[in-house]
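>>> predicted model and sequence below, questions to follow.
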Amino acid sequence: MTREAADRLLARVWTELDRDAGELDALAPLPDAPLPAHVDVSALAVASVAAASLAGWARTASPRSIRLDGPRIAAAFQSERVARFDGVAPDVWSPLSGFRRARDGWVRTHGNYPHHAAALRRVLGFAPDASPTPDDVDAAVATWAADDLAEAVTGAGGMCVAVAPEDPAADAAWRRRPLVEVARLDDTDPTGTRRSGSAPAPLSGVRVLDLTRVIAGPVATRTLALLGAEVLRVDPPEPAEIGWQHLEGGPGKRTTLLDLRQAPDAQRFEHLLGRADVVVLGYRPAALERLGLDPARLAERRPGLVVAQLSAWGFDAEAGERGGFDSLVQASSGIAVVEGDRDRPGALPAQALDHATGYLLAAAVTSLLERRSAEGGAWLARMSLRRTAAELLGMPRTAQPAPPGLDVDAREALAVNLSGPAGTQRLAAPAIAAPGGPTAWCEAPRPWGSDPPEWAR
């Protein structure tokens, strides 16, 4: 890791969040996280976890009292490699997900969700109930031009991008924007909901509605739960969440199902919103707007709300219609080319765009709760995986990735066992640090959708 790069990134985020630079003194010197890559994944990971840790505990920390653990951060960023559910390792990638050679280049497909896999099969000419072999899929993809296949799959409701080289001018334009965009949404009076000091945890008394899926959002909200917030995850009944993915992102949360297109469930959501402090949004911005869940309308219905919003590609009209995942943003932004070789694209050693964005968004939420308490107002923090990718591409690089990553034994040593109504899970220990040392998950994940749509406290 380039220590200077991590320090610079953390200082930039602290400025964007309008926080006191003196709070940075509470951090011990930042460690290295063993996440070897050509780009400085280690600096990105360490700076994002440092931001979330410090935002939570700065008010009660003394100088150099928050000490991060580099291997622990690396294990948390590679959490899917640690996870076991009732002793079984999850199948992280669908057979339809991965890099494949098209007629004129490479594409990256993502078929983990059944509806995305179905779209891929349709476009590639397979029957709806077919289970094509990898060789069958490779042969079908090879008949397409990369851009044409990406357009066709996206148009059919699936997930596919052409692997592209980096575009330094485009990345420089991205980096001229804030990494964490912050805006005020209303002028409500200050509120005392945010508690600190004598409270058992920094976010005790804070209620969070979690409308997210797939790593970045769940990382942000499980971090808020780790800091003491009551987090209620709200999912639509369809499509069903991938079981292991829900559990891996679920420590400390409750989980319920609501179809917001149906009036009774929409009314239940309004009741929840009326008592919420925070809403975290991770679905496509255009889809949220059609449901009346865009940040401005949420703040109109719940004055003083803090809204945190994630997007894969950004927030303009075209980007708002596109879905996406970390692996697709890596492929489209040029990271896959940087991390690959002449024979094949490559990938980062972790879904680092997702994880880093999640920790930084958690830092933003904690910071905006403090601003709401002091200044009043409803607040919005927005981040995109594409903007995080541009940040990473602008950081120092190395020709030979070093140091070596965590081996299996080292990752296992950084795992914890949790037991609850969803069975026994073995998960990566939290990366977040507190003034007294490492933190621990307070509650095991619960089965998807198993709670009523109401606040517990």
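Received the coordinates, thanks.

>>> pLDDT of the one helix or strand residue 309 maps to, averaged?
Secondary structure assignment for residue 309, by DSSP states H and E: strand 306-311. Per-region confidence: strand 306-311 scores 98 on mean pLDDT.

>>> now stretch 34-45
96.

>>> one more: stretch 443-457?
In this model, stretch 443-457 has an average pLDDT of 94.

>>> what do you get for stretch 212-232?
This predicted structure assigns stretch 212-232 an average pLDDT of 97.

>>> send over that stretch as CSV, restricted to the C-alpha atoms.
Output of stretch 212-232 as CSV, limited to C-alpha atoms (Å, rounded to 0.1, in the frame of the first residue of the first chain):
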residue,chain,number,x,y,z
THR,A,212,-30.3,-2.3,-0.8
ARG,A,213,-28.9,-5.5,-2.3
VAL,A,214,-25.5,-6.9,-3.4
ILE,A,215,-22.5,-5.9,-1.2
ALA,A,216,-22.1,-2.1,-1.3
GLY,A,217,-25.4,-1.3,0.4
PRO,A,218,-25.5,-4.2,2.8
VAL,A,219,-21.9,-3.4,3.8
ALA,A,220,-23.0,0.2,4.6
THR,A,221,-26.0,-0.8,6.6
ARG,A,222,-24.4,-3.6,8.5
THR,A,223,-21.7,-1.1,9.5
LEU,A,224,-24.4,1.2,10.8
ALA,A,225,-25.9,-1.7,12.7
LEU,A,226,-22.4,-2.4,14.1
LEU,A,227,-22.3,1.2,15.3
GLY,A,228,-25.6,0.7,17.2
ALA,A,229,-28.3,1.7,14.7
GLU,A,230,-31.5,-0.3,14.4
VAL,A,231,-31.5,-1.5,10.8
LEU,A,232,-34.6,-2.9,9.1
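
>>> what residues sit buried inside that stretch?
Of all the residues in stretch 212-232, those buried under the rule 16 or more other C-beta atoms under 10 Å are 212-232. Backbone N, C-alpha and C define where each C-beta goes, glycine included.

>>> ok, now stretch 126-145?
For stretch 126-145, a neighbour-count test (16+ other C-beta under 10 Å) marks 126, 132, 137, 140, 141, 144 as buried.

>>> now the last one: which helix or strand?
Per DSSP H and E, residue 144 falls between elements, in no helix or strand.

>>> mind listing what it touches?
102, 103, 107, 152 (C-beta atoms under 8 Å, 6 or more residues apart in numbering).

>>> phi first, then psi, for the third one.
As for residue 107, its main-chain torsions (degrees, to the nearest 10) stand at phi -130, psi 160.

>>> hang on, residue 421 packs against residue 451?
No: the pair formed by residue 421 and residue 451 falls short of the contact definition of C-beta atoms under 8 Å, at 10.0 Å.

>>> follow-up on the earlier one: check the buried residues of stretch 126-145 for the minimum pLDDT and say which it is.
Within the buried residues of stretch 126-145, residue 132 has the lowest pLDDT, namely 90.

>>> from residue 97, how far out is that residue?
As for residue 132, its distance to residue 97 is 13 Å (criterion: C-beta to C-beta, to the nearest Å).

>>> before we move on, the earlier item: which members of the buried residues of stretch 212-232 occur in helices, if any?
Among these, the members falling in helices are 216, 217, 218, 219, 220, 221, 222, 223, 224, 225, 226 (criterion: DSSP state H).

>>> quick one: secondary structure of the nearest residue to the fourth one once chain neighbours are set aside?
The one in question is residue 219. Closest residue to residue 219 apart from its sequence neighbours, by C-beta to C-beta, 6 or more residues apart in numbering: residue 358 at 2.9 Å. Look at residue 358: counting by DSSP: H, G, I helix; E, B strand; the rest coil, its state is helix.

>>> identify the residues contacting the closest residue to residue 112 other than its chain neighbours.
Sequence neighbours aside, residue 94 is the residue nearest to residue 112 in space, at 4.7 Å (criterion: C-beta to C-beta, 6+ apart). Counting by C-beta under 8 Å, 6+ apart, residue 94 touches 110, 111, 112, 117.
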